[in-house]
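S.K.: Take a look and give me a structure for this.
(one chain, ligands or ions: 1)
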Amino acid sequence: MLQRTRNEKGKTILVAGGAGFVGSHLCDALLARGDRVICVDSYITGSKDNVRPLRNHPRFRLIEKDICDLAEVDETLDQIYNLACAASPPQYQADPVHTMMTCVAGTGNLLSLAERHAASFLQASTSEVYGDPIEHPQREDYRGNVSCIGPRACYDEGKRAAETLCFDMLRTGKVDARVARIFNTYGPRMQPNDGRIISNLLVQAIQGRPLTIYGTGKQTRSFCFVSDLVAGLIALMDVDPNPEAPVNLGNPGEFTINELAEMVLAMVPTASKAVRKPLPQDDPQRRRPDISRAKELLKWEPKVPLSEGLRHTADWFTAALGDGKALRRRSRVRRPISSSEISVGA
Ligand code: UDP
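M.R.: Down below sits the predicted model:
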């Protein structure tokens with residue numbers, strides 16, 4: 001029997017992946033607004049440290065569960081955000097079958113939950129749906145250039161299939177589903193060992209190790225600070241009417257990896273130097289969001305320039321790396337669940 005524990009002011013919101021980097025910042029923002037937050041996380045890539053300060057919050061509840069196994073929750077939900085998926089290339093490739101199943105079976109479970117609760121649903125999709133893009137910058141109507149058999153496919157194709165599920169549920173009138181295509185995001189609480197460019201370069205510079213540049217370093221990315229992204233996610237979930245189309249969320253400032261490495265070297269006192277490493281297979285060469293749709297429909301655009309966000313993130317990593325015990329806890333990524341262990345819930 002579902003219990004409606006609607007609080008006076010706020011909504012009851014499930015955040016899947018709420019102990020992750022972006023998810024935990026989203027939980028913070030929703031609690032600050034007055035909502036009740038149910039965080040669901042498997043801790044495969046999320047960290048208990050990220051939500052430890054919220055444990056005793058009267059409007060916060062934590063459920064340790066993989067979304068592939070989540071059948072029901074015992075409170076009526078107003079909104080569901082799905083941020084549950086490994087998101088950095090080394091992590092989502094560690095157990096590619098589980099990544100694909102998280103995107104498809106896990107998203108399917110959450111959409112069924114949203115349908116039963118008549119809850120609005122926001123899917124965290126990705127710029128990876130554009131693959132190695134031929135059109136630049138990427139607008140939402142660009143259909144992408146994705147390999148369906150390469151090492152990135154488990155994530156790229158998984159997220160594309162998840163979008164299909166969302167729009168099918170929307171078209172058939174079952175779920176008020178919304179889709180955010182998130183471009184590279186950074187900020188405090190990134191895992192120091194998640195393998196992404198900003199965490200790698202900052203941690204390497206702080207520790208005086210060589211800065212690893214894959215390929216020529218001329219490939220580009222556009223980096224959005226996490227507080228800007230969270231504001232965009234909330235705006236997309238709450239906007240009326242439903243845009244009924246995916247919305248890019250990212251910072252259009254575009255930098256080469258070499259430029260980023262130079263910024264890090266200028267910001268962090270270090271003797272580190274850059275070293276070249278091979279470019280991973282299917283690594284996108286250029287990426288920049290066209291955010292006209294988000295500007296028009298959500299009245300949203302990012303506010304934090306890379307120089308400022310990078311400074312915050314460098315300070316955070318410096319403090320976290322100084323606390324060796326906290327760092328070891330944060331770096332402990334649980335063994336990904338193998339495909340044979342996945343049961344697809346109702
Ligand atoms: N990259 C790099 N050195 C690193 C990590 C990443 O040069 O230590 C490059 C990577 O090849 C890619 C870009 O930085 O071109 C962004 O990589 P990331 O893994 O952060 O995210 P992606 O956008 O590829 O998912």
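
S.K.: gap between residue 213 and the ligand?
M.R.: As judged by CB to the nearest ligand atom, to the nearest Å, residue 213 and the ligand stand 5 Å apart. C-beta: built from backbone N, CA, C; applies to glycine.

S.K.: Report the secondary structure state of that residue.
M.R.: For residue 213, the assignment made with DSSP: H, G, I helix; E, B strand; the rest coil gives strand.

S.K.: okay, now the residue nearest to residue 120 when sequence neighbours are not counted: neighbour count?
M.R.: With CB to CB, 6 or more residues apart in numbering as the criterion, residue 120 has its nearest non-adjacent residue at 4.4 Å, and that residue is residue 176. Residue 176: 20 surrounding residues under other CB atoms under 10 Å.

S.K.: Over to residue 159?
M.R.: Residue 159: 29 surrounding residues under other CB under 10 Å.

S.K.: wait, what's in contact with it?
M.R.: When contacts are counted by CB atoms under 8 Å, 6 or more residues apart in numbering, residue 159 touches 85, 103, 125-126, 128-129.

S.K.: where in this structure is pLDDT low?
M.R.: 1-9, 323-346 (pLDDT under 70).

S.K.: Pull out the buried residues from the longest helix seen in the chain.
M.R.: The helix that spans the most residues within the chain, counting by DSSP state H, is helix 153-171. Under the neighbour-count criterion of 16 or more other CB atoms under 10 Å, helix 153-171 has 153-160, 162-163, 165-166, 169-170 buried.

S.K.: my guess is residue 42 meets residue 62, correct?
M.R.: No: applying CB atoms under 8 Å, one finds residue 42 not in contact with residue 62, separated by 11.8 Å.

S.K.: which residue ranges form the helices in the stretch 151-300 of the chain?
M.R.: 153-171, 197-206, 226-238, 257-267, 292-298 (DSSP state H, counting those that start in this stretch).

S.K.: tell me what the shortest one is packed against?
M.R.: Same thing as helix 292-298. Under the contact criterion of 3 or more CB pairs under 8 Å, 6 or more residues apart in numbering; DSSP states H and E, helix 292-298 touches helix 226-238, strand 247-249.

S.K.: Among those, single out whichever gets nearest to residue 311.
M.R.: Among these, helix 226-238 comes nearest to residue 311, with 13.6 Å by CB to CB.

S.K.: just how off-centre is the closest one within its chain?
M.R.: Computed by CA atoms, centre = their mean, to the nearest Å, the separation of helix 226-238 from the middle of its chain amounts to 12 Å.

S.K.: Stretch 187-207 too?
M.R.: 16 Å.

S.K.: what's the spacing between residue 238 and the ligand?
M.R.: 28 Å.

S.K.: can you check residue 171 too?
M.R.: From residue 171 to the ligand the distance is 29 Å (CB to the nearest ligand atom).

S.K.: contacting residues for residue 121?
M.R.: By CB under 8 Å, 6+ apart, the neighbours of residue 121 are 79-80, 82, 110-111, 114, 166, 169, 175-178.

S.K.: Most neighbours among the contacts of residue 159, which one is it?
M.R.: residue 103 (29 neighbours).

S.K.: one step back: and the residue nearest to residue 120, what does it touch?
M.R.: Residues near residue 176 by CB under 8 Å, 6+ apart: 114, 119-121, 170, 242.

S.K.: ok, 7 Å please
M.R.: Going by CB atoms under 7 Å, 6 or more residues apart in numbering, residue 176 touches 120-121, 242.

S.K.: hang on, the earlier thing: could you export the contacts of residue 121 as TSV, including distance to residue 30?
M.R.: Shown next, in TSV, are the contacts of residue 121 (distance: CB to CB, whole Å):
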residue	distance to residue 30
79	9
80	12
82	14
110	17
111	20
114	16
166	20
169	23
175	20
176	18
177	19
178	16
